[in-house]
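Visitor: Just the structure for this:
(2 chains)
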Amino acid sequence: MQMVTVGVLALQGDFAEHEAILRRLGVDVREVRLPSDLTDLDSLIIPGGESTTISRLLAMYGLMQPLRDFAQHKPVWGTCAGMIVMAKTATNLDRETLNLMDIEVVRNAFGRQIDSFETALAFDELDGEPVKAVFIRAPLIRQVGEGVKVLARLDSGEVVAARQGHLLVTAFHPELTDDARLHKYFLSFGDNDD
Amino acid sequence: MVDSNGASADKGTFTVKKGFAQMLKGGVIMDVVTPEHARIAEEAGACAVMALERVPADIRRDGGVARMSDPSMIEGIKAAVTIPVMAKCRIGHFVEAQVLQALEIDYIDESEVLTPADEAHHVDKHQFTVPFVCGCRNLGEALRRISEGAAMIRTKGEAGTGDVVEAVRHMRQVMDDIRRLQNTPDDELYAVAKELGAPVELVREVKELGRLPVVMFTAGGIATPADAALMMQLGSDGVFVGSGIFKSSNPALMAKAIVQATTHFRDPKIIADVSRGLGEAMRGISVASLPESELLATRGW
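Guide: I've put the predicted structure just below:
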């Protein structure tokens, strides 16, 4: 594989878990806490965590516009809290989102921690077994805009993963499992050529 | 509210319990005693709050028996914020834990800050769907709690003092125990497990991972942004702040500063910036001046 450097937003949350999988795949990894950390990155992951905390720190350290500029051209993947901050709108979030992707997200859609769960999930565009999907106080996608492709649904039909060109979101946490297929899938994304 | 994935969804698995703690990493969990405090904590960027009736400094001052908080008080805090809410039960008091689970609290802290209910047995935490965090002073204690089902560990420190010295001692102790384990040959792990008072399977896992198999936060005496960053540089995954915020002269400002110092814990310039003009930190009490009978960290085993 050609050497690439993937950034992982490291303001709060399970960024180290993403980094461990990326390193296993032989990729260079950089933690992103300040706008200058984005320089020369090939792509970025926004990890799981507490979306209220992450959205405050994004604004406080001037990361909102630099991330929007970055996402114009480079692949970005958000897991759980990352999906919330990438959405156009997020219910129950008291801060502005990055508005990178044309999706509407509901925060804490399944209830409190007692309702957190894991399940086997069929994922479009991935070969082989279903993925082991871990949902923790998880959000879901209530509405997708034009040009957004749904990649995974629960049995109830609720949307929990989607892609819009070079942007990817999952309501669950592939970084909490040993399965690196979703990370490989994300690493296959090319830049936006528009 | 959407139902999870019907019959094919597994709730309360260890992956889900431990995974939730992984979402809290790099964050600050703040003790709050009122809905107003909870809103200040959320606004400052806390990744969760701990709902309790009195902060540890007041428990220490008031004396008497400290118990689980009134459910209506916990519910008031749950209603005030969208971030996770934790609450404390007494060591070994499994009915207080059952009550907290019935209240759908997000994490239960089986805590030495409250007066222990059982001097021989901690709660069997495997019996619960809600995850538990427990305190420790060393690796053996951490692994005993994990074997009982704890999905998150915090070093104990000495709660309600504002003196970071015990937090440092316990964090260094756990890290030192782990480093020594990494240099121990496999055939000596059985004897080490006996010495630590912990199951050999967990001892082996720690040797392989080079860290605990669950998230480990720090607690007990963190009172300033620099304290928080110190604990992060010593290897903590995140920070509990008890009395340090709402016993300071400007809690909103102190809370926000500690959140930023925890994120940017390796950046002294940012820590300097956020440390400016915070007003007075909690006055505190030096741990060295406390008689042994007043130490909380020695509760639990």
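Visitor: Provide a list of residues in contact with residue 186.
Guide: Going with chain A. A:43, A:45, A:75, A:77, A:168 (Cβ atoms under 8 Å, 6 or more residues apart in numbering or on different chains). (C-beta placed from N, C-alpha, C; glycine too.)
Visitor: hm, I was asking about chain B
Guide: Here B:Asp186 is in contact with B:204, B:207 (Cβ under 8 Å, 6+ apart).
Visitor: Does B:Thr115 touch B:Ala66 like I think?
Guide: Yes. Using Cβ atoms under 8 Å, B:Thr115 makes contact with B:Ala66 at a distance of 5.1 Å.
Visitor: thought A:Glu118 was touching B:Thr15?
Guide: Yes. Assessed by Cβ under 8 Å, A:Glu118 is found in contact with B:Thr15 at 5.8 Å.
Visitor: For the stretch 201-301 of chain B, which segments are assigned as strands?
Guide: Using DSSP state E, counting those that start in this stretch, the strands assigned to the stretch 201-301 of chain B run over residues B:215-217, B:239-241.
Visitor: In terms of secondary structure, what does the last one contact?
Guide: Using 3 or more Cβ pairs under 8 Å, 6 or more residues apart in numbering or on different chains; DSSP states H and E as the contact criterion, the secondary-structure elements in contact with strand B:239-241 are strand B:28-32, helix B:225-233, helix B:251-263.
Visitor: Show me where chain A has its helices.
Guide: For chain A, helices defined by DSSP state H occupy the ranges A:15-24, A:51-60, A:64-73, A:81-86, A:181-187.
Visitor: just these: most buried one?
Guide: Each of these was scored by mean neighbour count; the highest is helix A:81-86, a mean of 30, by mean count of other Cβ atoms under 10 Å in any protein chain shown.
Visitor: wait, does that one contact chain B?
Guide: Yes. Counting by Cβ under 8 Å from any Cβ of the partner chain, chain B has neighbours in helix A:81-86: A:Ala81.
Visitor: chain center to that helix: distance?
Guide: Chain-centre distance of helix A:81-86: 6 Å, with Cα atoms, centre = their mean, to the nearest Å.
Visitor: can you check stretch B:172-185 too?
Guide: Worked out by Cα atoms, centre = their mean, stretch B:172-185 lies 21 Å from the chain centre.
Visitor: What are the contacting residues of that stretch?
Guide: With Cβ under 8 Å, 6+ apart, stretch B:172-185 has contacts from B:136-140, B:142, B:155, B:189, B:192, B:196, B:203, B:206-207, B:210-212, B:216, B:234-235.
Visitor: re earlier: is it possible to get TSV of the contacts of A:Phe186 that adds distance to chain B and pLDDT?
Guide: Converted to TSV, the contacts of A:Phe186 look like this (distance: Cβ to the nearest Cβ, whole Å; pLDDT from 0 to 100):
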residue	distance to chain B	pLDDT
A:Ser43	21	98
A:Ile45	15	98
A:Pro75	23	98
A:Trp77	17	98
A:Leu168	19	98
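Visitor: Report the buried members of those.
Guide: Buried by 16 or more other Cβ atoms under 10 Å in any protein chain shown: A:43, A:45, A:75, A:77, A:168, out of the contacts of A:Phe186.
Visitor: Surely the first one and A:Gly7 touch.
Guide: Looking back up the chat, that one is A:Ser43. Yes. Look at A:Ser43 against A:Gly7 with Cβ under 8 Å: they come within range, at 7.2 Å.
Visitor: Do you have the helices of the stretch 101-250 of chain B handy? List them.
Guide: Taking DSSP state H, counting those that start in this stretch as the test, the helices found in the stretch 101-250 of chain B are B:139-147, B:165-182, B:189-196, B:200-209, B:225-233, B:243-246.
Visitor: Test of understanding: give the bridge partners of the spatially most central residue of chain A.
Guide: Against the mean C-alpha coordinate of chain A, by Cα atoms, centre = their mean, the closest residue is A:Gly78 at 1.0 Å. In this entry, A:Gly78 is beta-bridged to A:Ile46, A:Val169, by DSSP bridges.
Visitor: picking up where we left off before, of A:Glu118 and B:Thr15, give the one with the bigger neighbour count.
Guide: Each of A:Glu118 and B:Thr15 has its neighbours counted (other Cβ atoms under 10 Å in any protein chain shown); A:Glu118 has more, 24 against 20.
Visitor: what's near enough to touch the one residue in the stretch 101-250 of chain B that gets nearest to chain A?
Guide: Nearest residue of the stretch 101-250 of chain B to chain A (Cβ to the nearest Cβ) works out as B:Asp106 at 4.0 Å. Applying Cβ under 8 Å, 6+ apart to B:Asp106 gives the contacts A:112-114, A:137, B:20, B:48, B:84-86, B:130.
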